[in-house]
Structures are given as structure tokens and as C-alpha cells.
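>>> Mind looking at a prediction? Sequence and model below.
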Amino acid sequence: MGKNTKRNKKTKQPQQPPQQNGVTASASGTAVEDFEDQQAASLLPRLNGKKRSQLNKLVEELLNLVEKQPANPNEEWKQYEQLQRLLQQIMILEEPLSQTVCPQISDSPDDQTRLAKVEAFSAWAKDGGVHSEGLEIAIFPGYQLGLRSTRPLAKDELVLSVPRKLIFSEESNSDCRLFGKMTQATHLNLAYDLVIEKIRGEFSEWRTYIDVLPAKYSTVLYFTTKQMELLRGTAAASLALRQCRVIAKQYAFLYRYAHTMTEPSTGNRSHPGERGLFFTQHGLCYELYRWAVSTVMTRQNLVPSEKQESEDTPKLISALIPYWDMANHRQGKITSFYAAVPRQLECTAQEAVDAGEQFFIYYGDRSNTDLLVHNGFVDDYNLKDYVNIRVGLSLTDALAAKRASILDKLNIRHTAELRVLPAPDFISKELLAFVRVFKMSAEQLDHWCSDLERAGDLLHIDCALETDHETRTWQFLEDRLKLLLAVFNKEMQEANEVKELELKDGQEIELMLFLYRRLERSILAGALQYAQEHRKV
Ligand SMILES: C[S@@+](CC[C@H](N)C(=O)[O-])C[C@H]1O[C@@H](n2cnc3c(N)ncnc32)[C@H](O)[C@@H]1O
């Protein structure tokens, strides 16, 4: 999307650009854009000096807090509670800004408000070269917006294409880098660019697209402490808390850079990063950052960079793909690919779809833990689900070096997250092999270490092992699974199930968390039964 080919109609036209050095600035596209940037910034409220210095202090406190690496789940939880308190205070101080930059319509999903913007968005997309003739955007309860077929779609039919110029990536806005030439992860660049475009508001050439995005998300960054409490003890807890910590830290870095480490920026486009800094200084707030990060986390796809030097090392960058990103997920196969020659994202139907039905795509193999933490939903019929459990060699174990040499041969880390699976596998071969190694006696270790080429046998369920060794292995798994299942004690289970039925609108996050708990519990319970049966054999 070229800078001088603005697609969207602005609701408010800027006044004439000022005279610069005696020349009317409108003669230069850049000068017009500079002027627009100033206009966009002038529409934002300014926080007074007192609020700003309170914020500076809170952000420093936040940085000190997240610098500390929690040593155990309890410490991690306490840190999260402190973090939430700080973020609450920050959000209160930043409220005038956040209400302007990302107003929240209500506590419930904003489907109707978004749907009202769909007509303009669809016209913008069509005008920009999106082909989606058999599809339209509609509301689907439980999914927010999604794509509906307007005619029967055949399996494998090309149903949607989005040209490169409508794909939003760091390469569409490369003058927006905050840290100049410093390289950061591609999804962070994308989130940052989105922050800038959101702050630019009506002056952004992406406005029509941004208008149909959700105003808020069900990612862990939006959970209240009470909601997060429902994850405590589950396999998702640590990942969720870490995500909150990491995003708060990124926000604090951006804030500190913009407000305490640099002079006020003029937004001069001829200096790399200046424009990004200008907007960050005027509009950054935590509410906006969590919105941008959540938008990227829940909607991004990877496309090849068009700036890579050689074709042998394809570099992929994060991108937002308007229209395509309205498709919801269902089990199946990946049917969206970037086609290099026509320079467009192409999506085919993974199955035949009747007219009026929802059109789904498959997001890829992900566990429900991953979907919950990064995508803000869980999949009830997830065929690729698993629950990770953490296992590790003990530092005080005199035989640790021998165990480590067998694990090395098996390519299993000495401290690892290994998978408990749904039926019919229950225990992944890596987890089984790890526990077998962990439970070997000194003689058994000597035996296996004397012929490391055979180590691969430990991955097989039928590997011939001494009975006492097998019993210790399955007993360990049984004890561990019982411990993990204790989080879901019976009373809690029943209470949750009752609550689940009673949940009303506005409690989508609780509903998702109860579903997640039920699915995790069911995987662990199935594996426990399997371990008990094996121990008795
Ligand atoms: C790429 S967007 C799809 C469009 C989105 N529904 C919207 O309203 O903009 C991905 C988000 O859609 C929702 N979603 C996608 N597939 C889902 C599913 N199978 N169940 C529930 N929510 C789903 C989740 O909120 C997810 O983060």
C-alpha cells in the first residue's frame, strides 16, 4: 500500500499544511504526511506533569519487579499479583489517553459495533484487490465475527486471495522503527507498527481495517487476577503468567525509552525511528500495547520478506492479512499459502461448504494450552492436544551424568517439558523414555551406558526392561499425574460444571477457562488410568 495512494476516506480533512521555508508544504507528499502526523498528535490528550511523573515512577517499579526471575510457582503468582496492581494504577493514570486511542465500548464482545463497519471494510478490501466472492463477514455466536459462504464452495476451491499491498507487515511501514536499526523479533515490529497506526487514528491509511478489529481480546493479558486464579496449578499457568510479565516488560521498555530516555521528538521522517518515537511519546499506553500485542498474537500469519538478500535463506515476517484474518479455526489441514509470483496470500477450502455455513480454516497443530495463552480460545475437538509436564534431572543425583548421557543420545533435554497425550497414546515416547532413564538403578545405568546405540529402544512402550524398573517408572508417572490432578479436586469439578451452565454474557473468559480445565483434566485422568494399568501388568 503506497504512501501516496490513501485508500480510506478520512472522516476529518486536515487543514492546509503550513508554509515551510517559504514553500507551500503541500507540494511535497512527505510534508503533507508530517502535517497529518502533527494533526493526529494534536487530537490526543496530554497528561499533566504530575501524572507523568507518577507514571514514570510506576513504570520504574514495574521494571524492577519484572527483572526478578521467580524461583517457584508461588513466587511467580505473587509477582503476577504485584504486577496486576501496578498495571491497574498505570491504566488509571493513562485513562484519558486510552479512552481516546482505544475506547472500550462495553464489557461484552463488540460484534455489532464491528459488523456496522464491515460494509466499508469489504469495499476497501475489494477496491484493494481482495477476492472473496463466495464469502461474507458475519457474526457467529461463540466466535465473534467469521466468514460465511454465500454459495456452495467446493473442496480445494480457491476462495480467498489477499494481495501483498493489503498485507500489513513491518515492510509496509518500515519508517516506524522505534529503536532505529536495532533488530527485534518480527512480531514485535508488527505490534509496534500497529501501535503507531492506531495512534494515528483517522489519519492512518489502515483505519478501515483497524476499525473492524475487536476492541479487546480474551488473551491472558485481559484476564483479571480472579480469572487467572482459575489457571493456577494447570499446565497453562506458568506460560500465562510469563506472557503477562514479558508484555508488561516490553511496554515498560517502550515507555521508558519514549518518556525518560529521549528528548521530545519532532516526528521528522528523514530520521529513522523519529516518527515512531513521536507517536509513542504522544499516544503509548498499556491498554493500547496489550491490544496491539493481542491483535498480532491472535491474527498474525507469516509471509516471506520481500527485502531478503538471497533466495536461499527465506526470511519470514509476521503479517496481518485483512479479510483472511476473519476466518475462524476448525480441525483440518492448512490451506493458506503465500504465492510469490502473484504476490498474494491464497486460501482454498479445506472441505466442501454449503451456502450459509461458516467457512473455517485450520490454524495448525497447537495444544489447547498454546491456543489459550496465545490465541484466546480453546478447541473442544482438538486432535493435536496435549498437556506438558515438567521433568528434570536432580542436581544432587550422583548418577545424573550417566542419566544425562542416555538422554543426550535420545535428544531429550535434562530439564524438559514433555507431553501427556489424549487416548490412545496417553504418554509420549519422550516422557516415557525420560522417566525410564530417571528411574534406572546404578547397574541399569551401567548396562544402558555400555551400549548407547540401543538407547532408542527406551522410546518404545514394549522395550524389554526389568519388572522392578518398569514398576518404578509407571509408579512415578502415576504419582505425578495424581499430583497434577489434585488441582482439579472433586468439589471444584462439580462446582465448575454447575457454574459452567449458569454463565451468562460477559463471562466468556470464565467459560473458556472452565472448558480448558475440563480438557486438561480429562487428558491427565486418561493418562493416570493408563499408568495404573501398566503398573499392575
Ligand atoms: C484470526 S481471528 C478470527 C476472527 C475473529 N473471530 C474475529 O472476530 O475477528 C482469531 C480469533 O477468533 C476466535 N476463534 C477462532 N477460532 C475459534 C474457535 N474454533 N473457537 C472459538 N473462537 C475462535 C478467537 O478469539 C481467535 O483469537
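Yes, it's here. Residues are numbered from 1 along each chain as shown.

>>> For the ligand, what's the nearest residue on the stretch 151-300 of the chain?
The ligand sits closest to Thr298 of the stretch 151-300 of the chain, with a gap of 3.5 Å, by Cβ to the nearest ligand atom. Every C-beta, even on glycine, is put in place using the N, C-alpha and C of the backbone.

>>> Helices along the stretch 251-400 of the chain, start to end?
Counting by DSSP state H, counting those that start in this stretch, one finds helices in the stretch 251-400 of the chain at the ranges 274-283, 286-299, 368-370, 400-409.

>>> Looking at these, which is nearest to Pro103?
helix 286-299 (9.7 Å; Cβ to Cβ).

>>> Check which helix or strand Gly146 maps to.
Gly146 is part of strand 144-149, with elements assigned from DSSP states H and E.

>>> Would you give the sheet partners of that strand, along with the direction of each?
Applying DSSP bridges to the sheet, strand 144-149 is found paired with strand 135-140 (antiparallel), strand 358-361 (antiparallel).

>>> and the lengthiest helix in the chain, average pLDDT?
Determined from DSSP state H, the single longest helix within the chain is helix 508-536. Regarding helix 508-536, the rounded mean pLDDT is 93.

>>> okay, and for the stretch 251-400 of the chain, where does confidence drop off?
266-272, 309-312 (pLDDT under 70).

>>> Up against the ligand, what does it have?
298-299, 325-326, 328-330, 375-377, 379 (Cβ under 6 Å from any ligand atom).

>>> Now the buried members of those.
298-299, 325-326, 328-329, 375-377, 379 (16 or more other Cβ atoms under 10 Å).

>>> As JSON lines, these with distance to Arg200 would be great.
Below are these laid out as JSON lines (distance: Cβ to Cβ, whole Å):
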{"residue": "Thr298", "distance to Arg200": "22"}
{"residue": "Arg299", "distance to Arg200": "19"}
{"residue": "Asp325", "distance to Arg200": "20"}
{"residue": "Met326", "distance to Arg200": "23"}
{"residue": "Asn328", "distance to Arg200": "29"}
{"residue": "His329", "distance to Arg200": "31"}
{"residue": "Asn375", "distance to Arg200": "27"}
{"residue": "Gly376", "distance to Arg200": "26"}
{"residue": "Phe377", "distance to Arg200": "30"}
{"residue": "Asp379", "distance to Arg200": "35"}
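
>>> correct me, but Arg472 touches Lys439?
Yes. Between Arg472 and Lys439 there is a contact at 4.3 Å, judged by Cβ atoms under 8 Å.

>>> Next, the angle from the strand holding Gly146 to helix 508-536.
Note on geometry: by axes from the mean of the first three to the mean of the last three Cα atoms, to 10 degrees, strand 144-149 and helix 508-536 are set 80 degrees apart in direction.

>>> quick one: low-confidence parts of the stretch 101-250 of the chain?
Within the stretch 101-250 of the chain, the stretches with pLDDT under 70 are 105-109, 173-183.

>>> now the helices: where do they sit in it?
Counting by DSSP H, counting those that start in this stretch, the segments of the stretch 101-250 of the chain that form helices are 111-115, 118-127, 186-200, 207-210, 225-229, 237-259.

>>> Let's have those helices in a markdown table, adding distance to Ser172 and mean neighbour count.
Shown next, in a markdown table, are those (distance: least, Cβ to Cβ, whole Å; neighbours: other Cβ atoms under 10 Å):
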| stretch | distance to Ser172 | mean neighbour count |
| --- | --- | --- |
| helix 111-115 | 22 | 15 |
| helix 118-127 | 15 | 17 |
| helix 186-200 | 7 | 24 |
| helix 207-210 | 11 | 22 |
| helix 225-229 | 35 | 15 |
| helix 237-259 | 20 | 20 |
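
>>> Now Leu445: closest residue in space that isn't a chain neighbour?
Lys402 (4.3 Å; Cβ to Cβ, 6 or more residues apart in numbering).

>>> Using CSV, list the CA coordinates for stretch 151-170.
This file holds the C-alpha atoms of stretch 151-170, laid out as CSV (Å, rounded to 0.1, in the frame of the first residue of the first chain):
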residue,chain,number,x,y,z
ARG,A,151,-22.8,-20.1,-2.3
PRO,A,152,-21.7,-23.7,-2.1
LEU,A,153,-17.9,-23.9,-2.0
ALA,A,154,-16.1,-27.0,-3.4
LYS,A,155,-13.3,-28.7,-1.5
ASP,A,156,-9.9,-27.3,-2.7
GLU,A,157,-11.5,-24.4,-4.4
LEU,A,158,-9.6,-21.1,-4.2
VAL,A,159,-11.9,-18.9,-2.2
LEU,A,160,-9.9,-16.0,-1.0
SER,A,161,-6.8,-14.1,-2.1
VAL,A,162,-5.3,-11.0,-0.5
PRO,A,163,-2.7,-9.0,-2.5
ARG,A,164,0.6,-8.0,-0.9
LYS,A,165,-0.2,-4.3,-0.9
LEU,A,166,-3.1,-5.0,1.5
ILE,A,167,-1.0,-7.2,3.8
PHE,A,168,0.1,-5.2,6.9
SER,A,169,3.7,-6.0,7.9
GLU,A,170,6.8,-4.3,9.1
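
>>> What residues sit buried inside it?
153, 159-164, 166-170.

>>> do it and the ligand meet?
No. Applying Cβ under 6 Å from any ligand atom, one finds stretch 151-170 separated from the ligand by no less than 12.9 Å.

>>> wait, which of the helices of the stretch 101-250 of the chain is closest to Gly364?
Here helix 186-200 is closest among the helices of the stretch 101-250 of the chain (Cβ to Cβ), at 15.4 Å.

>>> For that closest one, what is the distance to the chain centroid?
Chain-centre distance of helix 186-200: 15 Å, with Cα atoms, centre = their mean, to the nearest Å.

>>> Quick one: list the elements packing against that helix.
For helix 186-200, the packing partners by 3 or more Cβ pairs under 8 Å, 6 or more residues apart in numbering; DSSP states H and E come out as helix 29-42, strand 168-169, helix 207-210, helix 274-283, helix 286-299, strand 316-320.

>>> contacting residues around the closest residue to Tyr209 other than its chain neighbours?
Residue nearest to Tyr209 in three dimensions, not counting chain neighbours: Pro322, with 4.7 Å by Cβ to Cβ, 6+ apart. By Cβ atoms under 8 Å, 6 or more residues apart in numbering, the residues touching Pro322 are 121, 125, 130, 162, 166-168, 209.

>>> got the phi/psi numbers for the closest residue in space to Lys409 that isn't next to it in sequence?
Leaving aside its chain neighbours, Lys409 sits nearest to Ala455 (4.2 Å; criterion: Cβ to Cβ, 6+ apart). Note on Ala455: its backbone torsions stand at phi -50, psi -30 [degrees, to the nearest 10].

>>> so what's Ala455 up against?
406, 409-410, 448.

>>> For those, name the two members farthest from one another.
So, the contacts of Ala455 by Cβ to Cβ: farthest apart are Leu410 and Trp448, at 10.6 Å.

>>> Give me the common contacts of the two.
Counting by Cβ under 8 Å, 6+ apart, the residues touching both Leu410 and Trp448 are 437, 455, 458.

>>> Closest to Gln308 out of these?
Nearest to Gln308, judged by Cβ to Cβ, of the shared contacts of Leu410 and Trp448 is Ala455 at 39.7 Å.

>>> any idea of the pLDDT on that closest one?
94.

>>> quick one: contacts of stretch 48-61?
47, 86, 89-90, 93-94, 252, 255-256, 259-260.
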